[in-house]
Structures are given as C-alpha cells and as structure tokens.
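what follows is a predicted structure for the sequence shown.
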Amino acid sequence: MRAEAVEAVVQGLKQAGVDFISLLPDSDFSELQRRVGDDRGFAYVPVSSEAIGVGVCAGAWLGGKKPALLVPTSGFLVAVWPLTSLCMAWGLPLLLLIPYRGDIGDAFWLMGPYKDTTEPLLSVLHIPYVVVLNNLAVGWIEGNTVFRERGRRGHGDLATAAFRVQKTIERQSKGVARCLQESTIVSPSSNFFKKRDITTRLPDL
Amino acid sequence: MKTEYASIVYDALKEAGINFVAYLPDDQIHDAQKMIVEDAGFVTVAVANEGEGVAACAGAWLGGKKPALIIADSGFLVATWPLASLTVSYGIPILVIIAHRGEVGDRANWRFITYKFTTEPILHALQIPYVRASKPEETKEAITGAQLSASLWQHPVAVLLSGEILRD
Amino acid sequence: MTRHECLSILATLLKDEDLVVTALGWVAGEWHSVRPKESNLYQINMGMCTPLCLGLALALPHRRVIALESDGSVLLYLGNLTTLANKRPGNLTVIVFDNQCYLATGGLPTATAGVTDLAGMARAAGIRDAYEVRELGDFEEQARAALGREGPSYIVAKVDPTGKRMSTNIDGKEAKYHFVRYIEKSEGIRIIGTHAMKMD
C-alpha cells in the first residue's frame, strides 16, 4: 500500500471520528496497521481471530467508542458468525475496512474464492459497501460514517459500512501481468474473463 | 427430534457410507449425534468450534474416510471460513448436516429469524449445493443423495433438516 | 534458532511414509526444500492445519502424522487444543514454529510476542507432552521423543522471525490430488472416483 494511500485512510478514519481500531495483521494492510498502532489517537486492539475483533468492536461501541475493524477478505469469512449474531441481530454499527484480495489482477490462486464470497456475503449480511480504487478514501469514509449515524431504520440499523481498499495501481498492473500469464489457474472467476477483457479493465483501475 | 426421527438420520448416514463424524452438540439433533457416538462404526470428533470440525472432516477424507459434519445454523456461520477456504477451494467432499431453524411456522424465538436470512443465502454465496428435508419420509433420500453428489462432484454438499423432522 | 534449521533436522528423523502437513506461509516452501516427498501436503489455510491433521490421524491411526503449524494459525482456533487433548491421537505430533509474528504478511506481532505461552496453554488444555524449545539440540531431542512415543505431542519451537519465500513447485489445488493419490497408493484404497463410493 502506498504511503499516500495509508495517509488518506488514516485521515479519513480520523475525520470520521473513529477512535478505536481492531485488526489481525494482513499483508496488504501492514503499513496501515503499523501506522494505526503507532497513533495515540486510536485505541488499538490486535486480535488473533477476526471473530474476536468484531466482539471487541461491538463492546467498544456500546461503551461509547467509534470502532473500526480492519479485516482481510479471508478474515471477513472468519467474522461471519459474530457479524451475524452481534451486528446483524442486535443492530450494532461497525465500520469494516477490507482490502480486496481475489479481485481481478490478483494472481494468487488461493485468493480466487474471495471474489466469489466477499460481495455476495456483504449483501447477505445486509452490510452496505463502497469500493475504493484510489485515495479518495478520505471523503468516502467520512461520508459513510454520516450515513452510519443516520441509518437507524429497520435493518438499515446495521449501517455497517465496508470498503474494499484496492491495492495500488502499480501492484494491480503487476498482478494483472502475472494473471495474464497464469489465467487458467488463478481462480474460477478470472477464468471467466477472456484475456482481452482483463486488459480492457486496466484503465478503470 | 423424536427418537424415531433420529434413527432415520442415523440409518441414512450409515447407508450413505459415512464413517467419520465431527459434531458440536446441538439440542435439535442431539439424539442422532448420541446414536452415532455410541456406534463403534463411526470415528467421531466432538469439536470446540465448527470450523475445526470442517478441517477434521477434510483431513479424514484425505485419509480415506467418508466424513460428515453435523451442526446447527449458528455453527454453520462459525464454519464459513474453513468451508470456503478449505473444502470449496480444494474441492473436498464433505457432507454437512445442518439442523435448520427459523423457518416460517417454526416455534422459534426472535433470535432464530437471523438464520432465515443467513443459512440458505450463505450456502448460495459459498457455492455449496444443498437439499432440504422437512418430513421424515424424505430425509433418507436427502442424506444419501447429498453424499452421492458430494463424492461425484468433489465438493461439499449440505442437507438442511427443518420442520417436522426436528420436532420433539 | 531458525525454522529452516529445525526443519532440516526434522527431515532426517522422518520416514518416507510419515505424513506431513504444513500451515500457510513460508514454512511450506522451506519444508519442500528439505523434504520434497509425496507424503507432504502444503499450505493449509489459517487455523486449519492442526484440526485437519487430527482428522487425518484418526482416519489413518497406523500412520505417523506431523503438523507443521505456526503461532498465528494456532491462535486463530485455540479451542482446537482442547479437542486434540481429549481425542488423544497417539500418532499425531504438532510442531508449532512460533516466530512471534505474522511473518509472511508483514511481521506484526502475535500474542506470543507478548505474555502468552502456547506450550503452557496446550498443557492446560490437557496435552501432557507439550514442550517449548529454544535451542536446536533441544528441538532435536523433543522431536525425536515425540516421534517415538504415543502422542499427541505438542512442540512449540521458538524461532527467529526470519524465513525464506521458496516454491513448493506444486500449484494450489494440485496438492490435493498429489496427496490423495499417494494415500490411495500407499494404503491400497480408493478415495477419488465413482468406484470409491459405497453406494450405487
């Protein structure tokens, strides 16, 4: 993650009033995680399971904090049970930041399933989300928190906002290059796209 | 679950060739779990977390067993991560029996509506095919058919037990 | 003490037919570099290496099964210690390479970098033979003892937070087929295919 992207996310979290952060270390977020851990403006709780992280954040919110959970696409699956039984059932707000592993351009085969699971599960759990492709993160995190505070209605109570913070354009390009070489083994979803389709998506990234 | 219904589940598992069961005790399906544990024909593992049950079943299959995971809806949510990253990713056939609550007409309290919103949609999201059995007479075929498909497809397959079959 | 040094010693203590399963991370490539056998299964995702080995050990009680675990993976599903302790698979040895950080994902600390004692937790869960080692000589002694006794044995090897990214030369899902075909061959059973099914 580029330094200015890390800075953008941190500033976004601060402007949004987030003062409590839980996380389990993840490679695509490690710089951000270090930065958050070193910042005295955030209460910082590293956990060994993202499921514990959801519980910790839920408690922090009940105690008056504004929590955020930095969770990878894999950890999002680990967290499904507490996101359901705590956040969904009780209507507890929680901001999730998810680096989107498994998207087109990610050449590690084990990440493939997350393209299939992440967005469908966010929908199933009624967690609204927005995709962040560059360092516009500041405004989007802020805007979403406003939405979260307003969103006290029915299932909108959840108002759990999630972001996929994309890897940098440089890393994406690199990943796509590998993906083109290995497109038959990357994942079912990338198999679905013809090579030229991946190429034509590049400018959008 | 009535004792005679528990026998149906137990007999169907045997007929399907299941010989390894990981489970976390659940009141809905406790009688069937008890019959399995008391039968030396099954290797059983009582787990502390349904996620490790998925992994134990995967290891058992790699070792030549025919595994089933017997859990409740809540446990299915706990098991989401290993189901996706281990059994779906690698294509490991395990039979997942879920005691499914929260159906319309179910005498279950407010907590159980959560499972109406999660169990089936998440099965879809994880791309785990499933079959439902609500009546005693359809249960055996559901279980043996699900195991057949799991073996043929090299993929996890679920059976949702709900309604009458779960009633006391 | 590095993980690679420990693995080099462990490789000399094993027979070809011993089944070894590695957790996710660089341990897979390092293990492949010292023992490239078909009885290896690589890269089992976070939290699932030990429970998968428990299932494997129960399915094949006459084979030795060795789990090459990491601290981060064990900490994700700590409850598995209690399952392992109560099932007592005699043929299972778990070796946790505890480098006190999430090395492959950037190096932030795990709980064992703080006050947590994994071997102590394993003992408290009921695994009698759970030991922590910090020197290569002790590692070899404990690994030898574990492989020679009725298990389960649980060795927590405190290693430097260093490692090497090496390839296993096996692509993801291919590992499943390699491993299953090896088990079929060595056990004389069929696991994959319609003829492996009991039902018509």
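Great, that's in hand. Numbering: from 1, shown residues only, chains lettered A, B, ... in the order given.

run through who's touching the longest helix anywhere in chain B.
Longest helix in chain B, counting residues (DSSP state H): helix B:136-153. Helix B:136-153 is touched from outside by B:4-5, B:8-9, B:11-13, B:15-18, B:66, B:68, B:91, B:93-95, B:97, B:129-133, B:155-159, B:161, B:164-165, C:194, C:196-197, C:199, with contacts defined as C-beta atoms under 8 Å, 6 or more residues apart in numbering or on different chains. (Glycine included, C-beta is placed from N, CA and C.)

just these: which are in helices?
B:4, B:5, B:8, B:9, B:11, B:12, B:13, B:15.

excluding chain neighbours, what is closest to the fourth one?
What that stands for is residue B:9. The shortest distance from residue B:9 to any non-neighbouring residue, by C-beta to C-beta, 6 or more residues apart in numbering or on different chains, is to residue B:32 (4.2 Å).

the one you found sits in which helix or strand?
In this structure, residue B:32 sits in helix B:30-37 according to DSSP states H and E.

ok, the residue in chain C positioned nearest to chain A to chain B distance?
In chain C, the residue that lies nearest chain A is residue C:106 (2.6 Å; C-beta to the nearest C-beta). Applying C-beta to the nearest C-beta, to the nearest Å, the value for residue C:106 to chain B is 20 Å.

which residue packs closest to that residue, ignoring adjacent ones?
Per C-beta to C-beta, 6+ apart, closest to residue C:106 is residue A:30, 2.6 Å.

go on, residue A:41?
Going by C-beta to C-beta, 6+ apart, residue A:41 has residue A:14 as its nearest residue, at 6.3 Å.

mind listing what's buried in whichever strand or helix holds the residue nearest to residue C:106?
Assigned by DSSP H and E, residue A:30 falls within helix A:30-38. By 16 or more other C-beta atoms under 10 Å in any protein chain shown, the buried positions in helix A:30-38 come out as A:30, A:32, A:33, A:35, A:36, A:37.

show the pLDDT at residue 138.
Since no chain was named, I'll use chain A. Residue A:138 is assigned a predicted lDDT (pLDDT) of 41.

nope, chain C
On the pLDDT scale, residue C:138 gets 98.

quick check on residue C:24: phi, psi?
With angles defined as degrees, to the nearest 10, residue C:24 sits at phi -70, psi 150.

check the gap between it and residue B:85 for me.
9 Å (C-beta to C-beta, to the nearest Å).

surely the residue of chain C closest to chain A and residue A:33 touch.
Yes - counting by C-beta atoms under 8 Å, residue C:106 touches residue A:33, with 7.3 Å between them.

residue numbers of chain B in contact with chain A?
B:51, B:74, B:77-78, B:80-81, B:84-85, B:88-89, B:111, B:114, B:117-118, B:121-122, B:124-127 (C-beta under 8 Å from any C-beta of the partner chain).

any idea how far residue B:116 is from residue B:93?
28 Å.

what about those two, which has more around it?
Neighbour tally, residue B:93 and residue B:116, criterion other C-beta atoms under 10 Å in any protein chain shown: the higher count belongs to residue B:93, 23 against 17.

residues contacting the more buried one?
B:61, B:87, B:150, B:151, B:153, B:154, B:155, B:156, B:157.

quickly list what residue B:46 is bridged to.
residue B:23 (DSSP bridges).

residues near it, how many?
16.

pretty sure it contacts residue B:26?
No - assessed by C-beta under 8 Å, residue B:46 is found out of contact with residue B:26, at 11.5 Å.

nearest residue to residue B:4 other than its sequence neighbours?
residue B:136 (7.7 Å).

same question but for residue C:19, I mixed them up
residue C:65 (4.8 Å).

do I have it right that that neighbour meets residue C:90?
No - the criterion here is C-beta under 8 Å, and residue C:65 misses it with residue C:90 at 10.3 Å.

who's more crowded, the two?
residue C:65 (28 against 12).

partner residues bridging that one?
residue C:19, residue C:92.

ok, residue A:66 - contacts?
A:16, A:17, A:18, A:19, A:20, A:95, A:145.

where's the residue nearest to residue B:4 relative to residue B:5, distance?
Taking C-beta to C-beta, one finds residue B:136 at 6 Å from residue B:5.

neighbour-wise, which of those two wins?
More crowded of residue B:136 and residue B:5, by other C-beta under 10 Å: residue B:5, with 21 against 16.

verify the stated contact: that one with residue B:165.
Yes - taking C-beta under 8 Å as the definition, residue B:5 is a contact partner of residue B:165 at 5.3 Å.

which stretches of chain C form strands?
C:19-23, C:40-44, C:65-70, C:92-98, C:129-133, C:153-158 (DSSP state E).

no, scratch that, I was asking about chain A
Using DSSP E, strands in chain A cover A:20-23, A:43-46, A:67-70, A:95-99, A:129-132, A:162-165.

list the buried residues for the fourth one?
Residues of strand A:95-99 classed as buried by neighbour count (16+ other C-beta under 10 Å): A:95, A:96, A:97, A:98, A:99.
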